[in-house]
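S.K.: Below are the sequence and a predicted model for it; my questions follow.
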Amino acid sequence: MPIDEILFNAEEHMEKAIEHLRHELRGFRTGRASTSLVEFIKVDYYGAPTDLRSLASLTTPDATSILIKPFDPASLKDIIKGIETANLGINPINDGKQIRLVLPPLSGERRQQLLGKVKEAAEHARISMRNVRRDANKHIDQDEKESGIPEDQAKQAKEDIQELLKKFEAKVDELVQAKHKEITEV
């Protein structure tokens, strides 16, 4: 495999790790209501796990609540069960036609728990990117032995991969800082 292709694949996989982290961070609750908190909750809809956003319209009528209006009124109980299974720490309020989720203000203890989860998600992203670096370095070593690419070219490629890793770890740090600020904001 050519070195350019190895570098491209490594960058692509690191970008996917960043996107996954962004997706994870969207699900962490801050002081404001956001539909991203519930849109990916899986609901058992006629035996198939389905995202909540596919089954209902999601809105935030005010800063502390989320309103869920099912497209199919028969799915109301399944949606409530899915929300309870997701273990968000929020009790759904059912009025027969729609579901309201009222978000209580975050306590200091809950904010600390969320910050811990944010750091954990960031560490998973970093580990994933380090694994990509390891695999790319293995490919370079393998190519050096098989194809006979020069040693200095292989060394330069490994340095490029390390620089790529540093760049993406900086992006992880930026995302974590932004989410940290969002969670600690009262």
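M.R.: Great, that's in hand.
S.K.: all contacts plus neighbour counts: C-alpha atoms, from now on.
M.R.: Noted.
S.K.: And E146, how far from H139?
M.R.: 10 Å (Cα to Cα, to the nearest Å).
S.K.: neighbour-wise, which of these two wins?
M.R.: H139 (16 against 9; other Cα atoms under 10 Å).
S.K.: Tell me which other helices or strands the helix or strand the more buried one falls within touches.
M.R.: For H139, the element it lies in under DSSP states H and E is helix 108-146. Judged by 3 or more Cα pairs under 8 Å, 6 or more residues apart in numbering; DSSP states H and E, helix 108-146 is in contact with helix 3-26, helix 151-184.
S.K.: which helices and strands sit right next to the last one?
M.R.: So the one you mean is helix 151-184. When contacts are defined as 3+ Cα pairs under 8 Å, 6+ apart, helix 151-184 packs onto helix 3-26, helix 108-146.
S.K.: Make CSV from those helices and add distance to K158 and mean pLDDT to it.
M.R.: Listed next are the helices and strands packed on helix 151-184 as CSV, based on distance: least, Cα to Cα, whole Å; pLDDT from 0 to 100:
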stretch, distance to K158, mean pLDDT
helix 3-26, 9, 92
helix 108-146, 6, 92
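S.K.: Output these in TSV, with distance to G47 appended to each entry.
M.R.: Output for the helices and strands packed on helix 151-184, formatted as TSV (distance: least, Cα to Cα, whole Å):
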stretch	distance to G47
helix 3-26	25
helix 108-146	30
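S.K.: Which one of the ones you listed lies nearest to F168?
M.R.: Within these, the stretch nearest F168 is helix 3-26; the backing value is 6.9 Å (Cα to Cα).
S.K.: Give me the residues contacting that closest one.
M.R.: With Cα atoms under 8 Å, 6 or more residues apart in numbering as the test, helix 3-26 has contacts from 36-37, 118, 121-122, 125, 128-129, 132-133, 136, 139-140, 157, 160-161, 164-165, 168, 171-172, 175, 179.
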